[in-house]
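# Model the following, please.
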Amino acid sequence: MMDPAVALVLCLSCLLLLSLWKQSSGKGKLPPGPTPLPIIGNMLQLDAKNMSKSFSNLSKVYGPVFTVYFGRRPTVVLYGYEAVKEALIDQAEEFSGRGSFPVFEKANKGKGVIFSTGNEWKEMRRFCLITLRNLGMGKRSIEDRVQEEACCLVEELRKTNGG
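Residues are numbered from 1 along each chain as shown. This next block holds a predicted model:
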């Protein structure tokens with residue numbers, strides 16, 4: 001019969017190996033980066049008080065595009081002007097999406113202006129812009145409408161005689 005302490009160590013070792021295997025199997029599509037620890041990721045390798053220095057050091061080793069893990073979540077870091085310019089200007093369509101926020105996705109069912117993504121976000125944005133333009137946004141006439149409504153409000157307030 002096996003000692004309980006040996007069984008516990010064996011189980012923890014198996015869980016650790018399984019976690020490492022799962023992390024390494026998902027890294028195939030991501031840029032290179034430092035090897036993360038299970039559960040905490042690269043938190044011990046980063047200086048929270050001086051992140052830019054940590055990213056600068058990592059970029060010297062892994063290049064201007066690298067992956068770090070904040071906990072179990074991988075994050076791709078673009079370090080330097082050229083890397084950011086290429087991503088946001090030269091390949092704007094591929095980088096135009098937003099990250100996911102599971103809590104808000106569940107609550108809003110992927111709807112809304114702030115936390116929606118993809119085609120849903122594009123349609124919502126288009127609708128909002130068309131509606132705001134129809135109301136006069138971006139035109140001189142909206143100022144006239146606001147002035148007119150303000151005058152009407154002042155007149156109504158004067159009729160109450162401070163009551």
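
# Quick check: which ranges of the chain have low pLDDT?
1-2, 14, 18-28, 97-101, 110, 112-113, 139-141, 163 (pLDDT under 70).

# any idea where the strands of it begin and end?
Using DSSP state E, the strands found in the chain span residues 65-70, 73-78.

# Ok, which of the ones you listed comes nearest residue 11?
Within the strands of the chain, the stretch nearest residue 11 is strand 65-70; the backing value is 23.8 Å (Cβ to Cβ). For glycine as for every other residue, the C-beta is placed from the backbone atoms N, C-alpha and C.

# If we go by neighbour counts, what in that closest one is buried?
By 16 or more other Cβ atoms under 10 Å, the buried positions in strand 65-70 come out as 65, 66, 67, 68, 69.

# Quick check: closest non-adjacent residue to the last one.
This means residue 69. Residue nearest to residue 69 in three dimensions, not counting chain neighbours: residue 41, with 3.0 Å by Cβ to Cβ, 6 or more residues apart in numbering.

# Quickly list what that neighbour is bridged to.
residue 37, residue 70 (DSSP bridges).

# Any chance of JSON lines for the buried residues of strand 65-70, columns distance to residue 147?
Shown next, in JSON lines, are these (distance: Cβ to Cβ, whole Å):
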{"residue": "65", "distance to residue 147": "52"}
{"residue": "66", "distance to residue 147": "54"}
{"residue": "67", "distance to residue 147": "54"}
{"residue": "68", "distance to residue 147": "53"}
{"residue": "69", "distance to residue 147": "55"}
